[in-house]
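**Student:** let's see this in three dimensions:
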Amino acid sequence: MRIFLAPMEGVIDYEMRNLFTQLGGFDRCVTEFIRVNDQLLPERVFLRYSPELERGGVTDSGVPVYLQLLGGSPKFMGLNAARVQVLEPPGIDINFGCPSNTVTRNNGGSRLLLDPQLVGDIVASVRESVDPSIPVTAKIRLGFSNADSLECIVDKIVEAGVSELSIHARTREDRYKPPAYWATVKAITEKFSIPIIINGEIWSIDNAYSALEQSGCRDIMLGRSALTTPQLAACIKARHSGSEFQEMDWPELLDVIVCYLYDAEKKHPDFVCNRSKQWLAFLLNAYPPALTLFHKVKRIKNTKEMFNALRSGI
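**Tutor:** You can find the predicted model right below:
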């Protein structure tokens, strides 16, 4: 079993990838999507989204980071992939799953699932633009408003030469509303030979095994659940190998978070308060003390004051 960290826009950045891979369990990360319009992006844009490219495309823990592109033009997706190739990424991922209104209004993300042929053309353009040694992967949803075209979409993607495919088991119209329809993916895993990764509503070890069983997949992708339970990937891996794993208690976890925020402050001095509140809002679902701390800090806007409040909560 492999476990991948999902590319959550505005959340899973360089520092977060470093932290989560240090906590263990993850086999691959994917960057936040890089929006490709009708232009050739400069190399500095790719390096900004993936500083890991400057040291072999891996996190400090040695976990590979695939660069994710999002766009509706086969031509410019291919041209930008060719430019990315010069930076020697471990792999290139293509986003066909983002449900954001801003993205879908501009012919990107899950909107493209309405046109399976265009999806295939984009994958083919990227695949043909880079060396065969660089894996090209993709992430989709079950469809835009329903799963009627799922098999056709996957057929076009596979035909275009994708190496692996992640499927978020909801449609765009479902967004993030429970449940995720893992069993809908079973027909895909039975028909196609490429690795299929299941994503969506995997909040626990039991969820992970249910998702694998119902979908027929061998690998999973974790997104919001990683923020809620930061060591979930390590726990799932431990269960899979039959070993014991002791999760950190709340004080230990909060200390890790504070250290991460101190490191992140060096590059993003203005985002500590927002990131603290954002993460505590996820953590309170699994760690009761996080709820008390969240209410304590939710109106804080000063970084020094935030650090003092977090330290007092350890």
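**Student:** for the rest of this, base every contact and every neighbour count on C-alpha atoms.
**Tutor:** Will do.
**Student:** what residues go with each domain of the protein?
**Tutor:** Domain ranges of the chain: 3-241, 250-312, per automatic domain parsing.
**Student:** what segments of this protein are helices?
**Tutor:** For the chain, the helices defined by DSSP state H occupy 14-23, 43-49, 74-85, 101-105, 116-129, 150-159, 186-191, 205-215, 224-228, 232-241, 250-265, 272-283, 288-297, 303-312.
**Student:** report the angle between the third one and helix 116-129.
**Tutor:** Okay, so that is helix 74-85. Relative orientation of helix 74-85 versus helix 116-129 (axes from the mean of the first three to the mean of the last three Cα atoms, to 10 degrees): 30 degrees.
**Student:** so which elements touch helix 74-85?
**Tutor:** Where contact means 3 or more Cα pairs under 8 Å, 6 or more residues apart in numbering; DSSP states H and E, helix 74-85 is packed against helix 43-49, helix 116-129.
**Student:** what sits up against the first one?
**Tutor:** If you take Cα atoms under 8 Å, 6 or more residues apart in numbering as the criterion, helix 43-49 is touched by 13, 14, 31, 32, 34, 53, 54, 67, 83, 84.
**Student:** can you count the residues close to the fifth one?
**Tutor:** Per other Cα atoms under 10 Å, the neighbour tally for residue 34 reads 19.
**Student:** go ahead and confirm it touches residue 77.
**Tutor:** No: Residue 34 lies out of contact with residue 77 (Cα atoms under 8 Å); the separation is 10.5 Å.
**Student:** common neighbours of the two, please.
**Tutor:** Looking at what touches both residue 34 and residue 77 (by Cα under 8 Å, 6+ apart), the common residues are 69, 70.
**Student:** related to what we said a few turns ago, can I get the helices of the chain in a markdown table including mean pLDDT and distance to residue 142?
**Tutor:** Formatted as a markdown table, the helices of the chain follow (pLDDT from 0 to 100; distance: least, Cα to Cα, whole Å):
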| stretch | mean pLDDT | distance to residue 142 |
| --- | --- | --- |
| helix 14-23 | 95 | 26 |
| helix 43-49 | 97 | 27 |
| helix 74-85 | 98 | 21 |
| helix 101-105 | 90 | 15 |
| helix 116-129 | 98 | 12 |
| helix 150-159 | 98 | 6 |
| helix 186-191 | 98 | 11 |
| helix 205-215 | 98 | 12 |
| helix 224-228 | 96 | 19 |
| helix 232-241 | 96 | 24 |
| helix 250-265 | 90 | 34 |
| helix 272-283 | 93 | 25 |
| helix 288-297 | 94 | 34 |
| helix 303-312 | 91 | 40 |
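**Student:** same list, those, but as a markdown table with distance to residue 62 and mean neighbour count please.
**Tutor:** A markdown table is the format used below for these (distance: least, Cα to Cα, whole Å; neighbours: other Cα atoms under 10 Å):
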| stretch | distance to residue 62 | mean neighbour count |
| --- | --- | --- |
| helix 14-23 | 8 | 20 |
| helix 43-49 | 17 | 14 |
| helix 74-85 | 20 | 21 |
| helix 101-105 | 32 | 14 |
| helix 116-129 | 25 | 22 |
| helix 150-159 | 29 | 20 |
| helix 186-191 | 29 | 15 |
| helix 205-215 | 24 | 18 |
| helix 224-228 | 19 | 21 |
| helix 232-241 | 16 | 18 |
| helix 250-265 | 18 | 16 |
| helix 272-283 | 24 | 19 |
| helix 288-297 | 30 | 16 |
| helix 303-312 | 29 | 15 |
